[in-house]
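K.L.:
Mind looking at a prediction? Sequence and model below.
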Amino acid sequence: MPKSHTKPHASAPAGSHGAPAKGHTLLPIARATISTALGQPLEASEQALWLQESGACFVTLMQRGQLRGCIGTLEARRTLLADVKANALAAAFSDPRFSPLAAAELEHTEIEVSLLSAMQAMQFESEAHALAQLQPGIDGVVFEFAHYRSTFLPQVWEQLPSVPEFMAHLKHKAGLPPDFWATGVRLQRYSVSKWKESDLRPATAKAPTKENV
């Protein structure tokens, strides 16, 4: 699995949202990027200075409450503007679990952007010790062992509210047995600020005028 792009099991958001102003900026950029790639040019403001800061995000596509694509970056390695654009395109066209998004689908697709905090390495002496530290509904978790790696966004706690069940599915997603544990296991956790279009109802990115084409 690539280290910079990870496919999370995603669901509808849970928990608190981040500053709405950022959602009103990031969501139109994600939609405009996908729409333009589909041959339906849209414009969205990219003037906010914080878009030029390093950032890591996930872009999730939903249709009628069902996942349609989700790709993201776990660690900030480029500007947030570049990251949200790249992940929007990847979620729409490169998620191997789904066929590429068609232009006719976009109108019925809801976009969600999750902005990740910095990773925090967890310190633990056993699996039970690690599980006791997790905060359901708050923590996103990265599981690593040798070349195995997986992550769940905090949103997944909605579907897997039990800490042991959450961890078991996370290990299964990495390609390991749900009851697997070894001294080489590494865990990191993070939080997210997240926004979806139906919650914020941001100003939709607008089509360029003829003068701008």
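P.N.:
Done, it's in.
K.L.:
got the contact list for stretch 92-107?
P.N.:
7, 31, 34-35, 37-40, 61, 63, 68-71, 109 (Cβ atoms under 8 Å, 6 or more residues apart in numbering). The way it works is simple: take the backbone N, C-alpha and C, and place the C-beta from them, glycine included.
K.L.:
So among those residues, which ones count as buried?
P.N.:
Buried subset of the contacts of stretch 92-107 (neighbour count, 16 or more other Cβ atoms under 10 Å): Lys7, Arg31, Ile34, Ser35, Ala37, Leu38, Leu61, Arg68, Gly69, Cys70, Ile71, Thr109.
K.L.:
any idea what sits nearest Ser191, other than its immediate chain neighbours?
P.N.:
Ser117 (4.7 Å; Cβ to Cβ, 6 or more residues apart in numbering).
K.L.:
Wait, that neighbour touches Val192, no?
P.N.:
Yes - here Ser117 reaches Val192: they are 7.0 Å apart, a contact under Cβ atoms under 8 Å.
K.L.:
Among these two, which residue is more densely surrounded?
P.N.:
Under the criterion of other Cβ atoms under 10 Å, the comparison of Ser117 against Val192 puts Val192 first, with 25 against 14.
K.L.:
Can you name the residues that contact the more buried one?
P.N.:
Val192 touches Gly18, Phe58, Ser114, Leu115, Leu116, Ser117, Gly140, Leu153, Pro154, Gln155, counting by Cβ under 8 Å, 6+ apart.
K.L.:
Please name every helix or strand in contact with the longest helix anywhere in the chain.
P.N.:
If you go by DSSP state H, the chain has its longest helix at helix 20-37. Packed against helix 20-37 by the contact rule (3 or more Cβ pairs under 8 Å, 6 or more residues apart in numbering; DSSP states H and E) you find helix 80-93, helix 103-106, strand 110-116, strand 192-196, helix 197-200.
K.L.:
The nearest residue to Pro178 once chain neighbours are set aside - how many residues pack around it?
P.N.:
Counting by Cβ to Cβ, 6+ apart, Pro178 lies nearest to Ala168, which is 3.7 Å off, once chain neighbours are set aside. Residues near Ala168, counting by other Cβ under 10 Å, number 17.
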